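Asks: Requesting a structural model of the entry that follows:
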Amino acid sequence: MDTEINSENIIGHIVGLSEINKDKFLNLIKKSVLDGKVNILDLDKITNKIIIDKQMGLLYEKYNELNNDLTNINKKVIEIKTINKKIKELEKKMNLYWKSKMEYHLTKQIKLLSHKNKYILLVGYISYYKNHRIYLNLNINMKFFLNVDHSSHTKDIINYNIDNFKDDILNGTFDLNFLSPSFLIKKRNNIMNIYNKIGYINMNIETIINTIELNTQINIPDILYIVTDQKYDKKIPINNISNINNFLIAYDEEWLALTSPHITNINNLNPDESFNIIKGLKKKKPFIKINNNIIKTLQNKYYLYEIDNTNNFIAYPSKKEIYKYITSKFIKINRVLEINNLYNQIQELEINIIK
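Replies: Prediction:
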């Protein structure tokens, strides 16, 4: 369930920052080229404002009353069904109320910030915290979900909750699930999966900032290339060949795509030898370094796709030249070339192969 927001002036959106790592994020922004170029809009603050307003308070009050009624052991089955029906109706009202108010406040804030000649960078959840499947949609390319180390992040969350909700914990009004590592990890992964399905890419905070920096400074090439072991007719679906970070990689040169194939059954390869092709340029001539296991994998049928609609791609940071471009959206195909033996094709291009 989504509503699309006018995102013309929004450069990016970062989800998954908590109160304990927002300060780190702001410090990294200040040290980056984005300092002074972006207005940061915290969506969590908007949600907090909605939660404490009068109308939402009345809805919560009624919701809690109904839930308390369910604890009455003397209730008949038909009475319980009636209460559950009312709870579902009330939940729907709360969802819609949050959504309409979030859309209103966000649109208002975007209009205010759009006159300041800076990029707008959103942080925080654009979904309803009680039901993350209720969200507003952003038609932008740079949408990220923050990758964290679950162990240390969970400890930080628990310490934060103990320090800030001590009285609630002692009074028995705090949900103790939020002191459970397994619960917190499962909850975060569930939210991440919801955001991945609507186009959010998983990255750590440093890479996110580097990616946003990079894409304020360069243009995306008109033509990109992808090689896979799967045949597609009109478009390449992201879910079939994206990596664990929920994005698909394309390259600005054919030889780079040919030596970086997306392999659907990569997990079925020999587990003792990783599929790693080292590539580069030596005296301006391309070379790759591979082992015999990789050669066998390349001696199969692959497909080279030419992409001429690159609007949904963003540049991916690298140490030297930029050559990778990523997307979390399906890709329209311009042309496709069937390659019966990818290894032979690489040899025909006179790429120096080091074994």
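
Asks: Now do stretch 140-153: distance to the chain's middle.
Replies: 7 Å (C-alpha atoms, centre = their mean, to the nearest Å).

Asks: same thing with stretch 338-355?
Replies: The answer for stretch 338-355 is 34 Å, by C-alpha atoms, centre = their mean.

Asks: which residues sit against that stretch?
Replies: Applying C-beta atoms under 8 Å, 6 or more residues apart in numbering, the contact partners of stretch 338-355 are 227, 231, 254-255, 258-259, 261, 282, 285-292, 295, 298-304. Backbone N, C-alpha and C define where each C-beta goes, glycine included.

Asks: Are any of the residues you listed buried, and if so which?
Replies: Buried members of these, scored by 16 or more other C-beta atoms under 10 Å, are 227, 254-255, 258-259, 261, 286, 288, 290, 298, 302-304.

Asks: Which residues are in contact with Asp42?
Replies: Counted by C-beta under 8 Å, 6+ apart, Asp42 has contacts Lys22, Val123, Gly124.

Asks: can you pick the most crowded of the residues you listed?
Replies: Val123 (23 neighbours; other C-beta atoms under 10 Å).

Asks: I figured that residue was touching Asn39, is that so?
Replies: No. Proximity of Val123 to Asn39 does not meet the contact threshold set by C-beta atoms under 8 Å, at 11.2 Å.

Asks: In this structure, where is pLDDT below threshold?
Replies: 1-4, 6, 73, 240-242, 265-275 (pLDDT under 70).

Asks: Can you show me the helices along it?
Replies: If DSSP state H is used as the criterion, the helices of the chain fall at 22-31, 43-51, 54-70, 77-113, 150-164, 166-171, 181-197, 205-215, 238-241, 254-258, 292-298, 342-348.

Asks: quick check: angle from the longest one to helix 43-51?
Replies: Angle of helix 77-113 versus helix 43-51, following axes from the mean of the first three to the mean of the last three C-alpha atoms, to 10 degrees, is 130 degrees.

Asks: which residue ends up closest to the midpoint of the protein in space?
Replies: Tyr200 (2.3 Å; C-alpha atoms, centre = their mean).

Asks: how does the protein divide up, domain by domain?
Replies: 2-213, 220-354 (automatic domain parsing).

Asks: Pull up the distance across the shortest one, start to finish.
Replies: Spelled out, it's domain 220-354. 31 Å (C-alpha to C-alpha, to the nearest Å).

Asks: What about the contacts of stretch 338-355, which are in strands?
Replies: Val227, Lys282, Lys285, Pro286, Phe287, Ile288, Lys289, Tyr302, Tyr303, Leu304 (DSSP state E).

Asks: Most distant residue from the centre of the protein?
Replies: Farthest-from-centroid check, the chain (C-alpha atoms, centre = their mean): Asn74, 47.0 Å.

Asks: Roughly how far does that residue sit from Ile80?
Replies: 11 Å (C-beta to C-beta, to the nearest Å).

Asks: for Leu138, same thing?
Replies: Leu138 is 40 Å from Ile80, by C-beta to C-beta.
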